[in-house]
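> attaching a predicted model along with its sequence, questions to come.
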Amino acid sequence: MTEKPLEERNRTTLQAAKIGVIGSVIAALLGAAVPYIVRLSRDGNRGDRRSRSKTDDSKKTDAAQEDLLFEVTSPKNLEKGKHKQLVTVRGKQDHVPEDHYLWFAVRPDGKEEYSVEGPIELFANGTWSHKLTLGEEKGPLGKYEARVLLVNKKVHEELSSCKEPIRLETLGGESKDGLTYVAEYHVRRK
């Protein structure tokens, strides 16, 4: 078998890339669910900015967070569909730093306080599962904001003792260490 000339291989690669882009655009226009990862900074804004602390341990944790994978794979219509009060959410995870936990913080749109749920159950095969609660049984219908939090052991213990909705900015003590926003989803309850 003879090898194709470099120019022909490059042309074929370019054509395949164009087909991939066109397919992605068509899928987006048709509303196909494509799993994605949303990275949020500590202040909750979209982007890859991370708060950095001056301690060596924090730098190690921060470096590990750069590789963190958190992805929703089911239900595929998490943000586009309408869901009941309890939604079983599943996905992929990888590189969760040692001695850290993933939690959900959920609130109806327009409210300041979150109900915290967790920790999210992580499995050795790189998946996770959680029953997400969208408000009280007779709570408001409509949009809910669900944030995924990566927390250290100290904040995990704070969250474990929460019985009432809280404001997230109260977590982590005065230094505010130990809490990173990983993902944000807007879910509609029917």
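Good, I have the coordinates.
> report the separation between the residue nearest to Q85 when sequence neighbours are not counted and E117.
Distance criterion Cβ to Cβ, 6 or more residues apart in numbering; nearest residue to Q85, sequence neighbours excluded, is L134 at 5.4 Å. For every residue, glycine as well, the C-beta is placed using N, CA and C. Using Cβ to Cβ, to the nearest Å, L134 is found at 10 Å from E117.
> compare the two (neighbour count), which wins?
Neighbour count, other Cβ atoms under 10 Å: between L134 and E117, L134 has more, with 24 against 17.
> tell me which element L149 is part of?
Using DSSP states H and E, L149 maps to strand 142-152.
> show me which positions of that strand end up buried.
Y144, E145, A146, R147, V148, L149, L150, V151, N152 (16 or more other Cβ atoms under 10 Å).
> likewise for stretch 151-171?
For stretch 151-171, a neighbour-count test (16+ other Cβ under 10 Å) marks V151, N152, K154, V155, H156, E158, L159, I166, L168, L171 as buried.
> now pLDDT too, for these, in CSV please.
Below are these laid out as CSV (pLDDT from 0 to 100):
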residue, pLDDT
V151, 93
N152, 92
K154, 90
V155, 91
H156, 93
E158, 89
L159, 92
I166, 87
L168, 85
L171, 78
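> identify, from those residues, the entry nearest to E184.
Taking Cβ to Cβ as the measure, E184 lies nearest L168 of those, at 11.8 Å.
> need the contact list for that closest one.
Residues near L168 by Cβ atoms under 8 Å, 6 or more residues apart in numbering: A105, Y114, R147, L149, L179.
> now L132
Counted by Cβ under 8 Å, 6+ apart, L132 has contacts L86, V87, T88, V89, F104, V106, E117, A146, V187.
> lowest average confidence across helices and strands of this structure, where is it?
Lowest on mean pLDDT, DSSP states H and E among the helices and strands of the chain sits helix 56-66, with a mean of 46.
> any idea which helix or strand comes after that one?
Under the assignment DSSP H and E, the closest C-terminal helix or strand after helix 56-66 is strand 69-74.
> quick check: neighbours of that following strand in the sheet, parallel or antiparallel?
Using DSSP bridges, strand 69-74 pairs in its sheet with strand 86-94 (antiparallel).
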